[in-house]
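Enquirer: Sequence unavailable; structure follows:
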């Protein structure tokens, strides 16, 4: 697992980058420029939850705003692990080949 420096985006993995917005990592920005964007999605929603990858808690959806680099949204961490994937306006999903994406505070 790679360490991410606060206030800078991580290396892109399958079109996803994470940027801690605080030293603690409790506020994060997610940037998405993956499969849905390259397929022409005009809107993207991030589906997320906290906890272990096979038992998400505090599940929610976040609308993403278009940016020059794709789509972005911010999330407040309620646990130390965020699991997330993406959906477009016509219910096409990008879930990292079934693995979803994970951001963990250690």
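Expert: Yes, it's here. It should be emphasised that the depicted structure is a prediction, and the values quoted were computed from it without experimental measurement. Numbers count the residues shown, from 1 in each chain.

Enquirer: Please name the residues that touch the closest residue in space to residue 70 that isn't next to it in sequence.
Expert: The shortest distance from residue 70 to any non-neighbouring residue, by C-beta to C-beta, 6 or more residues apart in numbering, is to residue 33 (3.0 Å). For glycine as for every other residue, the C-beta is placed from the backbone atoms N, C-alpha and C. Contact partners of residue 33, counting by C-beta atoms under 8 Å, 6 or more residues apart in numbering, are 12, 15, 16, 69, 70, 71.

Enquirer: Taking these, tell me the two that lie furthest apart.
Expert: The distance between the two most remote of those (C-beta to C-beta) is 13.4 Å, for 12 and 71.

Enquirer: Those two: who's more crowded?
Expert: More neighbours surround residue 71 than the other of residue 12 and residue 71, with 24 against 14 (other C-beta atoms under 10 Å).

Enquirer: In contact with the more buried one, which residues are there?
Expert: Residues in contact with residue 71 (C-beta under 8 Å, 6+ apart) are 31, 32, 33, 37, 44, 64, 65.

Enquirer: hang on, isn't the second one packed against residue 85?
Expert: It refers to residue 32. No: contact criterion C-beta atoms under 8 Å: residue 32 and residue 85 do not qualify, at 9.7 Å.

Enquirer: between the two, what contacts are shared?
Expert: Contact criterion C-beta under 8 Å, 6+ apart; residues shared by residue 32 and residue 85: 46, 94.

Enquirer: Phi first, then psi, for residue 49.
Expert: Torsion angles at residue 49 (phi, psi; degrees, to the nearest 10) stand at phi -160, psi 170.

Enquirer: where's it relative to residue 85, distance?
Expert: As judged by C-beta to C-beta, to the nearest Å, residue 49 and residue 85 stand 10 Å apart.

Enquirer: Nearest residue to the middle of the chain?
Expert: residue 30 (4.5 Å; C-alpha atoms, centre = their mean).
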